[in-house]
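Peer 1: Sequence plus the predicted model coming up.
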Amino acid sequence: MAEQSVTHATFAIERFYDATPAQVFAAWADPHAKARWFEGPAAWRKERFEFDFRVGGRERMISRPPAGPAHIFEAEYRDIVPDRRIVYCCDMRLDDLRISVSLATVEFLPAGRGTQLIFTEQGAFLDGYDDVAGREHGTALLLDKLDAALRQPKRAQVPARRLARS
């Protein structure tokens, strides 16, 4: 067992997206849009994604590398201002082992014809299993995936076909 300890740290990442604040906010708020970019590396298997985007609502994602423990992200939304701000508290676990507890704030600021996103996380990293450098690196990778998802053309919606009844 690792020595029981806690390390507190804060980091902020800024990104510019060539999309409106409403479009970038929607990529966080819509479950289908978020599922396109909020995931682990390509080799990982996503086992569960639950999403209830409202103040008091919860999000849960479980993913697993080819050989290793489940990586579990659980969040509760504490403040949502459409197209402007999201604040949530989250836990990260490896199987049943809690490795961090954090408060995250995502700000969407108009910047010319695009959006400046400011992601700030204040974390308590537990017992040496996680650290701020690793979390910042992983978050930066996710924000890069968000950029790629925003650049992809929207998929055309295919109208649902009605089945004929005889």
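Peer 2: Good, I have the coordinates.
Peer 1: use CA for all of it now, contacts and neighbours both
Peer 2: Noted.
Peer 1: didn't Glu136 look like it was pressed against Phe11?
Peer 2: Yes - the criterion here is Cα atoms under 8 Å, and Glu136 meets it with Phe11 at 6.8 Å.
Peer 1: And the two? Which one has more around it.
Peer 2: Applying other Cα atoms under 10 Å to Glu136 and Phe11 shows that Glu136 carries more neighbours, namely 17 against 14.
Peer 1: now the more buried one: how far from Arg36?
Peer 2: Counting by Cα to Cα, to the nearest Å, the gap from Glu136 to Arg36 is 20 Å.
Peer 1: show me what contacts Asp79?
Peer 2: Counting by Cα atoms under 8 Å, 6 or more residues apart in numbering, Asp79 makes contact with Val55, Arg85, Ile86, Val87, Tyr88.
Peer 1: what about dumping the CA coordinates of the host helix or strand of the fourth one to PDB?
Peer 2: So the one you mean is Val87. Here Val87 sits within strand 85-94, counting by DSSP states H and E. Extracted in PDB, the C-alpha atoms of strand 85-94 (Å, rounded to 0.1, in the frame of the first residue of the first chain):
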ATOM      1  CA  ARG A  85     -19.200  28.500 -18.100                       C
ATOM      2  CA  ILE A  86     -19.300  25.000 -16.700                       C
ATOM      3  CA  VAL A  87     -18.100  24.100 -13.100                       C
ATOM      4  CA  TYR A  88     -18.000  20.500 -11.900                       C
ATOM      5  CA  CYS A  89     -16.500  18.400  -9.100                       C
ATOM      6  CA  CYS A  90     -14.900  15.100 -10.100                       C
ATOM      7  CA  ASP A  91     -13.300  12.000  -8.700                       C
ATOM      8  CA  MET A  92     -10.800   9.800 -10.700                       C
ATOM      9  CA  ARG A  93     -10.400   6.200  -9.700                       C
ATOM     10  CA  LEU A  94      -8.400   3.200 -10.800                       C
END
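Peer 1: Does Asp147 touch Tyr17 like I think?
Peer 2: Yes - applying Cα under 8 Å, one finds Asp147 in contact with Tyr17, separated by 6.5 Å.
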